[in-house]
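return atomic coordinates for the entry below.
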Amino acid sequence: MTTVNVLRVTGDSWQTWRDIRLRSLRESPDAFGSTYEREVAFTETDWRQRLGGAGPCVLVTSGEDPVAMGAGWCHEPGRLMVVAMWTDPKVRGRGIGTRVLDEIVGWAREHDLRPELWVADGNPAARAVYESYGFVADGEAAPLRDGSSLQMRRLVLPH
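Here you go, the predicted structure:
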């Protein structure tokens, strides 16, 4: 594989972020609380706002191609929600998800925030990545999204 670069991005990278996010939603529709149909309608302003929030946005490229992503946002005082984690199936199993988490968790620690995330029950590979990183289930469960019979579990990273 070509050189892998892990980058924190801002609103200027909105088109690349949009493209990989929409690809992730098409490839893994049952892994996310959002849907392709919802996000394909987002405007440039929407994408820029998502990349300009209070938290890190991380892209991984292999050569020129974006192959992974993840982000974090401060949803409650003292907590950072890890969101939008996805790795292209062609490069899974190579530690790229861990590198994205390193950036997001590092940012959270710099800001004295506790990282947490939700993972779909039907996504055991992602859960394995999170648990190997140190995340643990806290017992909370919820539907993947409104009207869904799919469930997700909250995982937290102990201090």
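
quick one: low-confidence parts of the chain?
Scanning the chain for pLDDT under 70 picks out 1.

what about the strands in it?
4-8, 57-62, 65-76, 79-87, 114-120, 136-143, 151-156 (DSSP state E).

of those, which approaches Ile104 most closely?
Minimum separation from Ile104 across the strands of the chain (Cβ to Cβ) falls at strand 65-76, 4.6 Å. Where C-beta positions appear, they are placed from N, C-alpha and C, glycine not excepted.

partners of the closest one in the sheet?
The partner list of strand 65-76 in its sheet, established with DSSP bridges, is strand 57-62 (antiparallel), strand 79-87 (antiparallel).

for the nearest residue to Asn5 once chain neighbours are set aside, what are its contacts?
Nearest residue to Asn5, sequence neighbours excluded (Cβ to Cβ, 6 or more residues apart in numbering): Thr61, at 4.9 Å. By Cβ atoms under 8 Å, 6 or more residues apart in numbering, Thr61 lies in contact with 4-5, 7, 67.

beta-bridge partners for Thr61, please?
With DSSP bridges as the rule, Thr61 is bridged to Asn5, Pro66.

how close does it get to Trp73?
22 Å (Cβ to Cβ, to the nearest Å).

between the strands of the chain, which one is nearest to Leu25?
strand 79-87 (8.6 Å).

list the buried residues in the closest one.
80-87 (16 or more other Cβ atoms under 10 Å).

what's the neighbour count on Ala128?
12 (other Cβ atoms under 10 Å).
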